[in-house]
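K.L.:
Got a sequence here, can you model it:
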Amino acid sequence: RIDNIVNSRLSNATITEDGYIIPGDGTEVECLNLDTLKIESNKIKSFVKRTSPEKILSIKTRSGRFIKTTKYHPLFILKDNEVVEARADELKQGVRIAVPRKLNFIPEHKFFTELLDEIKEDDKIYIPYSEEYKLILLSIKGDLTWKQLSDKIGISHYVIKGLLDKQSINLFYLINILKYANLSDLEIIKLINQLISNGKKTNFNFQNSAEFSRFFGYLLAEGRLANSSQIWFTNGDKEIVEDYIQLVKKLFNKSPLVREYKPRCWDVIIFSESLKKILNKLGMSSNTENKKISNIFLKHSSEKEISELLNGLYCGDGYVSKSSIEITTKSQKLARGIEICLLRLGILFSTKDQIKGIKSSCVSGNYKTIVISGVNNFIKFHQDIKLIHQSKNRRILNYLSKKSNPNLDLIEINTLIKEISKEQNI
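P.N.:
Coordinates of the predicted model:
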């Protein structure tokens, strides 16, 4: 998040008339090269924090992308055959602005280390005893009594006593112990590979993978976090249900409860309170409106993980017509996450707002539909996202003989071409 990047550097700031300015420190971001018109990494010259104005502008492009910005924030447009800056409040309807067609990002690693700061005492996520935890505890004791050590760490001495007695431990307390031992977040997370609920263990190594991403995509599409430590997934395609079951067994070493509650409709249920709470912190929810793809997940995903996440999402909620690949969700945050994932793969899309409802109940709601069209985007989608859902896959293949010319969200060059043609009498 931009606010975290800037706020973490305020100790080096110089106060200005309306905020702060901080010199660059070598941190790089993706930005537009005005000579090549390509997205490239470049060093930040300065970090700026200003007093927020009374009004914020909301800008939406024809393809459905949007940004909220101050009136003086610069964007790039084509003027007199040159790419130039324009203030946000200078834009008019119909003006084309430069937006990225692909977001390049390579994760440093695939462990969800930020989850360590998200774990709270009240989450009551428990980890089974490990001899390694006891050895680390002994290594930091020194000449202290166990009571003195617990006071220094900031935990109850009963927590230490329980660990010495080989009992499971609240993950929040374990993290405090390991941080006191000066282990890095990455070292800590690599020591944790199981969760425990009601005496039953669940494998979980806090690391992203293609398999975990597809599992998570399935859940975001057609899953929910229920009461009584239950993680539900409901689907009517046998091939998808079977793939989901195999993922659960491989990832968590658990055999879920499977029941066909009506012909060709299956419920698949995992029982684990600790896993349920971890999934919630990654973006899963008990209701559709609150589902999202968290920044933690995105930060530790390569293009492979992004592709498999979308595989699960589109196998569940996606629709392939004769001319488009679509997905609709009631969650604004999930829609935004899907857009980011498609941009990470360089797949162009348009987003539209829809109102859907059930006539019999007179209940309606606002939805986001993300539409992919054009043969180039179909090809890219099929190359990167090999859908497990075979009938949807076949529909994509049937479309790939068509041609398209996606030109949404491009800087307008038609004027330049027309002028050259006129000069050359073409």
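K.L.:
residue ranges of the helices in the stretch 51-200 of the chain, please?
P.N.:
Using DSSP state H, counting those that start in this stretch, the helices found in the stretch 51-200 of the chain span residues 115-118, 131-141, 146-153, 157-164, 171-180, 185-190.
K.L.:
what's around residue 333, how many residues?
P.N.:
17 (other Cβ atoms under 10 Å). C-beta: built from backbone N, CA, C; applies to glycine.
K.L.:
shouldn't residue 84 be in contact with residue 75?
P.N.:
No: the pair formed by residue 84 and residue 75 falls short of the contact definition of Cβ atoms under 8 Å, at 10.1 Å.
K.L.:
Looking at these two, which is more packed in?
P.N.:
Each of residue 84 and residue 75 had its neighbours counted (other Cβ under 10 Å), and the higher figure belongs to residue 75 (17 against 11).
K.L.:
how close does the residue lying closest to that one once chain neighbours are set aside get to residue 338?
P.N.:
By the measure of Cβ to Cβ, 6 or more residues apart in numbering, the closest residue to residue 75 outside its immediate chain neighbours is residue 97, 4.8 Å from it. With distances taken as Cβ to Cβ, to the nearest Å, residue 97 is found 22 Å from residue 338.
K.L.:
quick one: residue 236 and residue 263 touch, right?
P.N.:
No: Residue 236 is beyond contact range of residue 263, at 9.2 Å (criterion: Cβ under 8 Å).
K.L.:
Leaving out sequence neighbours, find the closest residue to residue 320.
P.N.:
Distance criterion Cβ to Cβ, 6+ apart; nearest residue to residue 320, sequence neighbours excluded, is residue 395 at 4.1 Å.
K.L.:
give the contact list for that neighbour.
P.N.:
Shown in contact with residue 395 (Cβ atoms under 8 Å, 6 or more residues apart in numbering): 320, 321, 322.
K.L.:
Next, the last one: secondary structure please.
P.N.:
In the three-state summary, residue 322 is assigned as coil, counting by DSSP: H, G, I helix; E, B strand; the rest coil.
K.L.:
likewise residue 219?
P.N.:
At residue 219 the chain is in helix, as set by three-state DSSP.
K.L.:
State the distance from it to residue 259.
P.N.:
Relative to residue 259, residue 219 is positioned 18 Å away (Cβ to Cβ).
K.L.:
of these two, who's got more company?
P.N.:
Neighbour count, other Cβ under 10 Å: between residue 219 and residue 259, residue 219 has more, with 25 against 9.
K.L.:
Do I have it right that that one meets residue 280?
P.N.:
No: using Cβ under 8 Å as the test, residue 219 is too far from residue 280 to be in contact (10.7 Å).
K.L.:
got the CA coordinates for stretch 40-55 in PDB?
P.N.:
The C-alpha trace of stretch 40-55 is given here as PDB (Å, rounded to 0.1, in the frame of the first residue of the first chain):
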ATOM      1  CA  GLU A  40       9.700  -0.100 -16.600                       C
ATOM      2  CA  SER A  41      11.200  -0.200 -13.000                       C
ATOM      3  CA  ASN A  42      12.700   3.100 -11.900                       C
ATOM      4  CA  LYS A  43      13.900   4.600  -8.600                       C
ATOM      5  CA  ILE A  44      11.600   6.900  -6.700                       C
ATOM      6  CA  LYS A  45      12.900  10.500  -6.600                       C
ATOM      7  CA  SER A  46      10.900  11.500  -3.600                       C
ATOM      8  CA  PHE A  47       8.000  10.500  -1.400                       C
ATOM      9  CA  VAL A  48       5.300  13.100  -1.000                       C
ATOM     10  CA  LYS A  49       2.400  13.300   1.500                       C
ATOM     11  CA  ARG A  50       0.000  16.100   1.200                       C
ATOM     12  CA  THR A  51      -3.000  17.300   3.100                       C
ATOM     13  CA  SER A  52      -6.100  15.700   1.600                       C
ATOM     14  CA  PRO A  53      -8.300  18.100  -0.300                       C
ATOM     15  CA  GLU A  54     -12.100  18.400   0.400                       C
ATOM     16  CA  LYS A  55     -13.000  16.800  -2.900                       C
END
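K.L.:
rewinding a little: more crowded one of residue 97 and residue 338?
P.N.:
For residue 97 and residue 338, the more surrounded residue by other Cβ under 10 Å is residue 338, and the numbers stand at 26 against 19.
K.L.:
Cool, thanks, signing off.
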